[in-house]
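**Student:** task: produce atomic coordinates for the following.
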Amino acid sequence: MSSEGFFIDHVIYGVVDIDAACERLRDEYGLGWVPVGDHLGGTNDRMVPLGPDCFLELLGIQDTSKDDGAWLAATLQGQDRILWWCIGVNDLDDTASRRGLPIRAGEVSTTEGDTFVFRSAGMPQYPLPFFMAPRGEREARHRTQAERYAAANHSCAPAGVTWVEVGDHEAVLEGWLGPDHGLPIRYAPGTGPGIHACGIATADGEIVLR
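**Tutor:** Modelled structure (predicted):
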C-alpha cells in the first residue's frame, strides 16, 4: 500500500440497461446487487458488494437530456463495459493537494429518499482513476457493507477485486499514482487508454469482467 493508503474502492461497469445487466450478472456469475439510487446528472446505479472495502458499481443510463446521462450513452455506444475505477485514499485533501486537484462534491438520491453527498478528486481526468475518501468510521462502514453483502444474496461468495487491466497510458498512470502505489494493475498495450477489465475473486473461481 502506498503512503497515501491507496486501495481499489470500486470499479464502475457502465451499462445500457441496468435491469438486464443485473439479471445477466446473477445468471452468468452468481453476483447479486442492492439498490443505491439515482445520480442527479441523469444516471442511476446499483451496487454489487464485494467485501468490506470494495464494490462493483453498475452505472446505467437514465436520462439522456441531462449531462451525465448523455455522456454515458455516448461513451458506451450501446455496449456494456468496464468503464472507470475509483481509488480510496487515507486523506483526500492531501491526495488532491499533491496533484493540484480541486475537491468536488457530488450527490446521489438514495432509494430511501435521502440525498447523499460525496467528495472526490480527479473525475475530470477520465479515463484516469479518480480518488475518494472512505465515508464515515471504518467499523460503521464495514457494518453497512456487511449488511449490503448479505442483502445482495450472492451465490458465488465474491471476495474483492483482484486486479484491473489498463491500456496504453502506463507512463501517465504511473505518474498519476506515484511509484509506490501498490495497486494490482495489469497493462495491455494496444487496447487504448483507460481501464478495460477487472478480476473478481469468488468461491467458484475468478470472474473476469470486460
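**Student:** please make it C-alpha for all contacts and neighbour counts, starting now.
**Tutor:** Will do.
**Student:** identify the bridge partners of residue 161.
**Tutor:** Applying DSSP bridges to residue 161 gives these bridge partners: residue 200.
**Student:** ok, now which ones touch it?
**Tutor:** 8, 50, 54, 55, 198, 199, 200, 201 (Cα atoms under 8 Å, 6 or more residues apart in numbering).
**Student:** any idea of the pLDDT on residue 2?
**Tutor:** pLDDT, residue 2: 76.
**Student:** to clarify, my last question referred to residue 114.
**Tutor:** Residue 114 is given a pLDDT of 56.
**Student:** before we move on, what about residue 111?
**Tutor:** For residue 111, pLDDT reads 60.
**Student:** ranges for the strands of this protein?
**Tutor:** Using DSSP state E, the strands found in the chain span residues 7-15, 34-39, 43-51, 54-61, 81-88, 103-110, 115-121, 130-132, 161-166, 185-187, 195-200, 207-209.
**Student:** check which helices and strands the last one is in contact with.
**Tutor:** Judged by 3 or more Cα pairs under 8 Å, 6 or more residues apart in numbering; DSSP states H and E, strand 207-209 is in contact with strand 195-200.
**Student:** and the strand it packs on, how far from the chain's centre?
**Tutor:** 11 Å (Cα atoms, centre = their mean, to the nearest Å).
**Student:** which elements pack onto it?
**Tutor:** So strand 195-200, by 3+ Cα pairs under 8 Å, 6+ apart, packs with strand 81-88, strand 161-166, strand 207-209.
**Student:** at 10 Å what do you get?
**Tutor:** Contacts defined by 3 or more Cα pairs under 10 Å, 6 or more residues apart in numbering; DSSP states H and E place strand 195-200 against strand 7-15, strand 81-88, strand 161-166, strand 185-187, strand 207-209.
**Student:** by contact count, what packs against the longest one?
**Tutor:** The helices and strands touching strand 7-15, judged by 3+ Cα pairs under 10 Å, 6+ apart, are helix 18-29, strand 43-51, strand 54-61, helix 67-76, strand 81-88, strand 130-132, strand 161-166, strand 195-200.
**Student:** shaky segments in this structure?
**Tutor:** 1, 107-117, 135-136 (pLDDT under 70).
**Student:** quick check: closest non-adjacent residue to residue 38.
**Tutor:** Nearest non-adjacent residue to residue 38, counting by Cα to Cα, 6 or more residues apart in numbering: residue 44, 4.2 Å away.
**Student:** beta-bridge partners for that neighbour, please?
**Tutor:** Beta-bridge partners, per DSSP bridges, of residue 44: residue 38, residue 60.
**Student:** give me the neighbour count for it.
**Tutor:** Per other Cα atoms under 10 Å, the neighbour tally for residue 44 reads 23.
**Student:** which ones are touching it?
**Tutor:** 15, 18, 35-38, 58-63, 68-69, 108-109 (Cα atoms under 10 Å, 6 or more residues apart in numbering).
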